[in-house]
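> fold the following for me, if possible:
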Amino acid sequence: MAKMRTVDAAVAILVKEGAIEAFGLPGAAINPFYSAMRANGGIRHTLARHVEGASHMADGYSRAADGNIGICIGTSGPAGTDMITGLYASWADSIPMLCITGQAPVAKLHKEDFQAVDIESIAKPVTKMAMTILEPGQVPGAFQKAFQLMRSGRPGPVLLDLPFDVQMAEIEFDIDAYEPLPVEKPRASAVQLGKALDMLLASERPLIVAGGGIINAGASEKLVELAEILNVPVIPTLMGWGVIPDDHKLMAGMVGLQTSHRYGNATFLESDFVIGIGNRWANRHTGGLDLYTQGRKFVHIDIEPTQIGRVFAPDLGIASDAGAALEGLVELAKERKAAGQLPDYTAWADAAQEKKGKLQRKTHFDNVPIKPQRVYEEMNRAFGKDTTYVTTIGLSQIAGAQMLHVFGARRWINAGQAGPLGWTAPAALGVVRGKPGETVVALSGDYDFQFMIEELAVGAQFNLPYIHVVVNNSYLGLIRQSQRGFKMEQNVSLAFENINSPETAGYGVDHVRVAEGLGCKAIRVQNPDDLGAAFEKARALTEEFQVPVVVEVILEKITNISMGTELDNVTEFEELAEKGEDAPTAVVSLLD
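Numbering: from 1, shown residues only. Take a look at the predicted model:
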């Protein structure tokens with residue numbers, strides 16, 4: 001076998017495992033690892049401006065396509081602590097990501113050495129594995145185990161911490177003798193799936209709740225096939241949005257208190273049976289559990305056994321990879337159909353579709369300043385079915401989920417559970433790395449955009465073109481809305497007015513000048529009738545200059561977006577659609 005530095009062995013393992021996209025910032029304690037990447041040449045490195053940004057880039061890259069594992073690299077001390085938010089976001093949404101940090105030499109870990117922090121202990125709660133590797137001979141095995149864990153069961157991130165002297169140590173290693181460890185995923189038995197299908201077929205108004213686990217399993221086509229065989233409507237979760245195209249006749253809408261459709265909630269409340277596949281029963285989806293569970297039976301299929309019963313006890317729980325479960329259910333459903341044993345759910349499916357054509361929110365407003373609903377209407381017009389949207393949290397994300405349209409898996413990329421402000425821009429850059437040549441459109445409010453605005457420079461430097469729609473009301477709008485009941489606005493200011501930029505007319509940061517100063521292109525829109533032309537120009541600028549293009553839309557300062565406390569108690573603050581011209585880009589024309 002060949003003798004080499006541990007870092008040379010580690011990089012060779014990364015290449016063999018197929019993890020060849022890295023995002024990070026070098027520093028003294030991780031320089032040996034960088035030298036190994038340079039010598040190997042098989043890993044592309046994108047230099048971030050902030051290590052948290054690098055972690056979100058790696059996260060976005062992992063989410064962009066089946067099988068991707070993004071790598072985030074940083075030095076010792078604050079680089080690792082900067083990664084924690086990124087680790088949390090990927091852990092919360094079951095996303096595989098590998099973070100690698102440098103560390104002080106082993107003999108100095110207890111001496112409060114410069115930038116020596118116990119990152120292993122800090123990262124453990126938000127990783128599947130966090131390890132400071134103290135022995136050089138453990139490096140290959142630690143990386144091998146990391147990849148197995150990231151891919152097995154419920155996916156998630158890993159952090160490996162490499163002391164400087166461990167990086168520099170030499171070991172015997174033969175990459176040709178290295179093999180990835182087997183990936184472990186539970187599979188539902190025929191008996192389990194048969195019982196689940198029996199329960200569904202015994203109901204009159206069944207629904208399939210499709211979660212992000214289906215996307216992780218690459219099983220969206222199987223989900224659609226099952227729904228079509230059974231003729232049963234599908235309710236995607238926010239993380240599962242896109243598993244069935246929005247314009248499919250069995251897509252019944254999303255359910256919840258915020259990121260939901262009126263027709264989705266209405267259909268769910270009429271159901272009597274729900275089979276959840278690869279979902280978590282998140283509280284923004286369920287609302288109060290008494291109402292959510294009342295009058296209906298539940299089957300829950302999830303890859304992680306401890307997720308079953310975590311929120312409420314289902315009538316039947318099955319630990320299984322979503323893809324394996326769907327394969328089995330499709331075969332069983334085909335057999336039942338051939339034997340003439342499937343009920344006719346046409347009337348139920350048609351009723352869900354009819355609601356889709358009636359219970360819509362108005363999007364066509366001509367107000368100046370612009371109402372946010374109009375922005376999403378124009379985005380639906382401007383961007384085709386192949387568009388991938390990237391966003392995180394805020395009124396922009398909530399309204400976008402209510403009004404945008406998604407037509408395929410991994411075309412809605414959202415930090416769903418953690419929702420960290422600042423995630424969107426760096427994650428979008430990672431998505432562009434994972435979807436070269438495709439249309440990527442990010443959506444941010446002004447505060448999300450400002451949190452990590454420096455990462456736009458990365459897109460300019462490395463020619464990572466995408467369109468970033470910034471809906472600017474110069475407000476922490478979601479927090480303002482949630483504070484309405486506390487009468488806090490007179491005491492806690494959530495708005496930002498920049499006295500040194502009077503040309504922004506009280507709308508805070510001049511995003512156009514900042515974006516251009518970072519090497520990107522930018523357009524400001526103040527009239528709703530100009531949105532279409534602005535999006536068209538933005539597309540042309542991304543193609544010409546191959547950089548991020550910001551479209552800043554000046555919104556009315558205060559807008560309350562539909563949300564509530566229960567599925568049957570969602571407050572609609574704006575007018576509802578009454579005729580087709582009120583919601584002209586709806587996937588189903590409004591039934592007058």
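
> and the closest residue to residue 135 other than its chain neighbours, what is it in contact with?
Excluding its sequence neighbours, the residue lying closest to residue 135 (C-beta to C-beta, 6 or more residues apart in numbering) is residue 166, at 7.3 Å. Every C-beta, even on glycine, is put in place using the N, C-alpha and C of the backbone. With contacts defined as C-beta atoms under 8 Å, 6 or more residues apart in numbering, residue 166 is in contact with 6, 103, 106, 133-136, 139.

> 10 Å - rerun?
Each residue near residue 166 by C-beta atoms under 10 Å, 6 or more residues apart in numbering is listed here: 5-7, 32, 102-103, 105-106, 132-139.

> go on, residue 129?
By C-beta under 10 Å, 6+ apart, the contact set of residue 129 is 120, 123, 142, 145-146, 148-150, 156-160.

> JSON lines for the residues you listed, including neighbour count?
Formatted as JSON lines, those follow (neighbours: other C-beta atoms under 10 Å):
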{"residue": "120", "neighbour count": "19"}
{"residue": "123", "neighbour count": "27"}
{"residue": "142", "neighbour count": "20"}
{"residue": "145", "neighbour count": "17"}
{"residue": "146", "neighbour count": "28"}
{"residue": "148", "neighbour count": "19"}
{"residue": "149", "neighbour count": "20"}
{"residue": "150", "neighbour count": "25"}
{"residue": "156", "neighbour count": "23"}
{"residue": "157", "neighbour count": "33"}
{"residue": "158", "neighbour count": "27"}
{"residue": "159", "neighbour count": "27"}
{"residue": "160", "neighbour count": "24"}
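
> nearest to residue 523 among the residues you listed?
Top of the list for closeness to residue 523, among the contacts of residue 129 and by C-beta to C-beta, is residue 157 at 35.8 Å.

> in the protein, where's the longest helix?
Counting residues, the longest helix in the chain under DSSP state H turns out to be helix 322-338.

> so what secondary structure elements neighbour that one?
If you count contacts as 3 or more C-beta pairs under 10 Å, 6 or more residues apart in numbering; DSSP states H and E, helix 322-338 packs onto helix 190-201, strand 206-210, helix 212-216, helix 220-230, strand 273-277, strand 297-302, strand 316-319.

> please identify the buried residues of that helix?
322-330, 332-333, 336 (16 or more other C-beta atoms under 10 Å).

> where does the stretch 351-500 of the chain dip in pLDDT?
Applying pLDDT under 70 to the stretch 351-500 of the chain flags residues 475-497, 499-500.

> now do the same contact list for the residue nearest to residue 317 when sequence neighbours are not counted.
Closest residue to residue 317 apart from its sequence neighbours, by C-beta to C-beta, 6+ apart: residue 308 at 3.7 Å. With C-beta under 10 Å, 6+ apart as the criterion, the residues that contact residue 308 are 276, 281, 300-302, 314, 316-319.

> residue 308 and residue 277, how far apart?
In this view, residue 308 and residue 277 are 12 Å apart by C-beta to C-beta, to the nearest Å.

> what of residue 23?
Separation of residue 23 from residue 277 (C-beta to C-beta) stands at 32 Å.

> so residue 111, which of the three states?
Following DSSP: H, G, I helix; E, B strand; the rest coil, we place residue 111 in the coil state.

> dump the residue contacts of it.
104-105.

> pLDDT at it, what is it?
What the model reports as pLDDT for residue 111 is 76.

> likewise the one 5 residues further on?
At residue 116, the model reports a pLDDT of 79.

> for this protein, give me the ranges with low pLDDT.
In the chain, residues with pLDDT under 70: 1, 475-497, 499-500, 506, 591-592.

> give me the common contacts of residue 308 and residue 277.
Joint contacts of residue 308 and residue 277 (C-beta under 10 Å, 6+ apart) are 300-302, 318.

> any idea what the residue nearest the centre of the chain is bridged to?
Nearest to the geometric centre of the chain sits residue 414, at 2.7 Å (C-alpha atoms, centre = their mean). Taking DSSP bridges as the rule, residue 414 bridges to residue 391.

> which ones are touching it?
Neighbouring residues of residue 414 by C-beta under 10 Å, 6+ apart: 63, 93, 212, 238-239, 241, 259, 389-393, 397, 400-401, 423-424, 427, 443.

> and residue 265, by the same measure?
Neighbours of residue 265 in contact, by C-beta under 10 Å, 6+ apart: 235, 253-257, 287, 355, 359, 564, 566-570.

> narrow these to those in strands?
235, 564, 570 (DSSP state E).

> in the sheet, who's paired with the last one?
According to DSSP bridges, the partner residues bridging residue 570 are residue 564.

> am I right that it is in contact with residue 260?
Yes - using C-beta atoms under 10 Å, residue 570 makes contact with residue 260 at a distance of 7.3 Å.

> would you list the buried residues of helix 322-338 in JSON lines and tack on distance to residue 170?
Shown next, in JSON lines, are these (distance: C-beta to C-beta, whole Å):
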{"residue": "322", "distance to residue 170": "44"}
{"residue": "323", "distance to residue 170": "42"}
{"residue": "324", "distance to residue 170": "43"}
{"residue": "325", "distance to residue 170": "47"}
{"residue": "326", "distance to residue 170": "48"}
{"residue": "327", "distance to residue 170": "47"}
{"residue": "328", "distance to residue 170": "49"}
{"residue": "329", "distance to residue 170": "52"}
{"residue": "330", "distance to residue 170": "52"}
{"residue": "332", "distance to residue 170": "56"}
{"residue": "333", "distance to residue 170": "57"}
{"residue": "336", "distance to residue 170": "62"}
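
> surely residue 228 meets residue 334?
No - if you go by C-beta under 10 Å, residue 228 and residue 334 don't touch, sitting 11.1 Å apart.

> report the separation between residue 462 and residue 38.
On the measure of C-beta to C-beta, residue 462 and residue 38 end up 17 Å apart.

> could you pull out the strands for the stretch 351-500 of the chain?
Along the stretch 351-500 of the chain, counting by DSSP state E, counting those that start in this stretch, strands occupy 388-391, 412-414, 440-445, 467-472.

> among these, which comes closest to residue 69?
Nearest to residue 69, of all the strands of the stretch 351-500 of the chain, is strand 412-414, at 15.5 Å by C-beta to C-beta.

> distance between that closest one and the chain's centre?
4 Å (C-alpha atoms, centre = their mean, to the nearest Å).

> any idea which element the spatially closest residue to residue 355 that is not a sequence neighbour lies in?
The spatially closest residue to residue 355, leaving aside those adjacent along the chain, is residue 263, at 4.0 Å (C-beta to C-beta, 6+ apart). Assigned by DSSP states H and E, residue 263 belongs to helix 262-270.

> got the angle for that helix vs strand 206-210?
130 degrees (axes from the mean of the first three to the mean of the last three C-alpha atoms, to 10 degrees).

> quick check: end-to-end length of stretch 60-76?
23 Å (C-alpha to C-alpha, to the nearest Å).

> and stretch 235-246, by the same measure?
10 Å.

> same thing with stretch 280-288?
15 Å.

> buried residues in that stretch, which are they?
In stretch 280-288, counting by 16+ other C-beta under 10 Å, buried: 280-282, 284-287.

> let me know the closest of these to residue 267.
Distances from residue 267 to the buried residues of stretch 280-288, taken by C-beta to C-beta, are shortest for residue 285, at 14.0 Å.

> which residues touch the closest residue to that closest one other than its chain neighbours?
With sequence-adjacent residues excluded and distances taken as C-beta to C-beta, 6+ apart, residue 285 is closest to residue 256, at 4.5 Å. By C-beta under 10 Å, 6+ apart, the contact set of residue 256 is 235, 237-238, 264-265, 268, 282-287, 292, 398, 401-402, 563-564, 567, 570.

> let's see it at 8 Å
Neighbouring residues of residue 256 by C-beta under 8 Å, 6+ apart: 238, 264-265, 284-287, 567.

> got TSV for these, with distance to residue 190 too?
Below are the contacts of residue 256 laid out as TSV (distance: C-beta to C-beta, whole Å):
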residue	distance to residue 190
238	32
264	32
265	35
284	35
285	30
286	30
287	35
567	34
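
> show me those that map onto helices.
Going by DSSP H, the helices hold 264-265, 284-286 from the contacts of residue 256.

> and which of those residues is nearest to residue 17?
residue 285 (34.0 Å).
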